[in-house]
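J.: just the structure for this:
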Amino acid sequence: MTDFETADEHGEGGQRRLRPALLVALAAVLILVCCGGGVVSFFLDAANKTVTYDSGCGNGKLVDVAAEMPNHRRLGQEQVRNAAIIVRVGQDLNVPPRGWVIAVATAMQESWLRNLPNLGARNDHDSLGLFQQRPSTGWGTPEQIMDPKYASRKFYEKLVTIPGWQTMSLTRAAQKVQRSAYPNAYAKHEELASTVVNSLTGGAARAVGDQTDLQCVSAGQIAASGWTAPVKGKVGSGFRTASRPTHQGVDLIVPRGTVIHAAAAGRVIKVRCDAIGPNGKPWGCDRDGSPSVRGCGWFVDILHANGIITRYCHMVKQPSVVVGQSVAPGQEIGLSGTTGHSSGPHVHFETHRNSDSSKNGAMDPVQFMQLMGAPLGGEP
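T.: Sure, this is the predicted structure:
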């Protein structure tokens, strides 16, 4: 399968490796329930050693938690211990791993995982603790809220009462619990929170299900990280291969009419037909393309948290979403086809960083989706 290579979307360049934004520098022994339901003891030391995720979702190993990260976002011993408490309480309450990610991300936004006391003149009303819960609004006494275990339990107890919380975007679920004055602030912590949960549990954020039965994610299933494979199909032409160095995505081989899922929660920023015929005139997307036609055909771009953009090309007809629409992870956005520069039915899938949909922002979707716990590939 082939895809049109436009001047603004493709270009020469070496393959880039996505490095997760996390540095955890501490020494602590943590006892946690891991992915298979058994108790696992492991040690996070100065070298940031972790355990291996036995189920092998993604690349079968955890993210390198010693990757570079800005100094102002580094997690110290207190913060990681608090994250471990949040995760452990979620496990004890039998909350699925998606809840752990939401809870850790929420505490990152509210307190940067610090158990904050009353800060006097700098305090926000009577907010306290990891989740900045307020005694005056019924969360508990000040003494109770300052107990990280109690605060975590109260967060989860509210979260699980929200219908559909597991399939909501992280920011919507967190906001329904917290009712923050900054409802969109939680989303930016999702990737980091997923990495922390992976580091503490041996990779639970890479899977779907509860802690007694975690499974690798299939297309349409949403990992605890909030990501899912857009379709289930073999990876054909890869990212910036030797034979196609300007190929800025990967081709996922699926039959015509296969449902394409949004890879994560986000906002649709582009819906377009850009097929151009051999004569330089519009070819249209009401018919199949060919290797002599240029363009993605019908395609969709979605902007996700942290400036990640995903692109889905060659849809068989006009997509089922519109510009400006918010989409949930796994939501249907269109059907696969072979419009534009294509020799047969497939989905050309791209991932970009820094809100840059050009060649400069492109990164290997296979590596990125492994990191997110939603590996590409498999039989449709």
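J.: what about the nearest residue to Gly378 once chain neighbours are set aside, distance to Glu350?
T.: Of all residues not flanking Gly378 in the chain, Lys232 sits nearest, at 4.9 Å (CB to CB, 6 or more residues apart in numbering). For the C-beta atoms, the positions are set from N, CA and C on the backbone; glycine is no exception. For Lys232, the distance to Glu350 equals 18 Å [CB to CB, to the nearest Å].
J.: pick out whichever of these two has more residues nearby.
T.: Higher neighbour count among Lys232 and Glu350: Glu350, with 27 against 19, using other CB atoms under 10 Å.
J.: make sure that one is indeed in a strand.
T.: Yes - under DSSP: H, G, I helix; E, B strand; the rest coil, Glu350 falls within a strand.
J.: quick one: contacts for it?
T.: By CB atoms under 8 Å, 6 or more residues apart in numbering, the contact set of Glu350 is 248-250, 309-311, 313, 362, 365.
J.: mind putting those into JSON lines with pLDDT and distance to Thr195?
T.: Converted to JSON lines, these look like this (pLDDT from 0 to 100; distance: CB to CB, whole Å):
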{"residue": "Gln248", "pLDDT": "95", "distance to Thr195": "25"}
{"residue": "Gly249", "pLDDT": "96", "distance to Thr195": "24"}
{"residue": "Val250", "pLDDT": "97", "distance to Thr195": "23"}
{"residue": "Ile309", "pLDDT": "97", "distance to Thr195": "20"}
{"residue": "Thr310", "pLDDT": "98", "distance to Thr195": "19"}
{"residue": "Arg311", "pLDDT": "98", "distance to Thr195": "24"}
{"residue": "Cys313", "pLDDT": "98", "distance to Thr195": "29"}
{"residue": "Ala362", "pLDDT": "96", "distance to Thr195": "22"}
{"residue": "Pro365", "pLDDT": "95", "distance to Thr195": "18"}
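J.: and the residue sitting furthest away from the middle of the chain, what does it touch?
T.: Ranked by distance from the centre of the chain (CA atoms, centre = their mean), the top residue is Asn279, with 40.8 Å. For Asn279, no residue meets the contact criterion (CB under 8 Å, 6+ apart).
J.: element containing it, please.
T.: Using DSSP states H and E, Asn279 maps to neither a helix nor a strand.
J.: and Ala103, how many neighbours?
T.: There are 28 residues near Ala103, going by other CB under 10 Å.
J.: to clarify, my last question referred to Gln370.
T.: Neighbour tally, Gln370, other CB under 10 Å: 21.
J.: quick check: it vs Ser199, distance?
T.: From Gln370 to Ser199 the distance is 16 Å (CB to CB).
J.: give me the low-pLDDT residue ranges for the protein?
T.: Applying pLDDT under 70 to the chain picks out residues 1-74, 123, 181, 183, 210-214, 216-220, 380.
J.: re earlier: any of the contacts of Glu350 buried? List them.
T.: Among the contacts of Glu350, those buried by neighbour count (16 or more other CB atoms under 10 Å) are 248-250, 309-311, 313, 362, 365.
J.: tell me which of those fall in helices.
T.: Taking DSSP state H as the definition of helices, the buried ones among the contacts of Glu350 contribute Pro365.
J.: possible to save the buried ones among the contacts of Glu350 as TSV with distance to Val327?
T.: Shown next, in TSV, are the buried ones among the contacts of Glu350 (distance: CB to CB, whole Å):
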residue	distance to Val327
Gln248	22
Gly249	19
Val250	21
Ile309	13
Thr310	10
Arg311	14
Cys313	17
Ala362	21
Pro365	18
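J.: which of the buried ones among the contacts of Glu350 sit farthest apart?
T.: Farthest apart among those by CB to CB are Val250 and Ile309. That separation is 15.1 Å.
J.: where do the strands sit along this structure?
T.: With DSSP state E, the ranges of strands along the chain come out as 28-33, 39-44, 207-208, 215-216, 234-235, 250-253, 259-261, 266-273, 298-303, 309-315, 326-327, 332-335, 347-352, 362-363.
J.: quick one: which of the ones you listed is nearest Ile145?
T.: Of these, the one closest to Ile145 (CB to CB) turns out to be strand 28-33, at 23.5 Å.
J.: start to end distance for stretch 161-173?
T.: 11 Å (CA to CA, to the nearest Å).
J.: swap in stretch 160-169?
T.: Start-to-end, stretch 160-169 (CA to CA) is 14 Å.
J.: please verify my assumption that the residue nearest to Gly378 contacts Pro375.
T.: No - applying CB atoms under 8 Å, one finds Lys232 not in contact with Pro375, separated by 10.3 Å.
J.: go through stretch 79-96 and flag the buried ones.
T.: Quick answer for stretch 79-96 (16+ other CB under 10 Å): 79-91, 95-96.
J.: next one: Gln133 from Ala151, what distance?
T.: For Gln133 relative to Ala151 (CB to CB), the value is 6 Å.
J.: now do the shared contacts for those two.
T.: In contact with both Gln133 and Ala151: 139-140, 145, using CB under 8 Å, 6+ apart.
J.: which among those residues end up buried?
T.: The buried subset of the shared contacts of Gln133 and Ala151 - by 16+ other CB under 10 Å - is 139-140, 145.
J.: since that was my last question, I'll sign off now.
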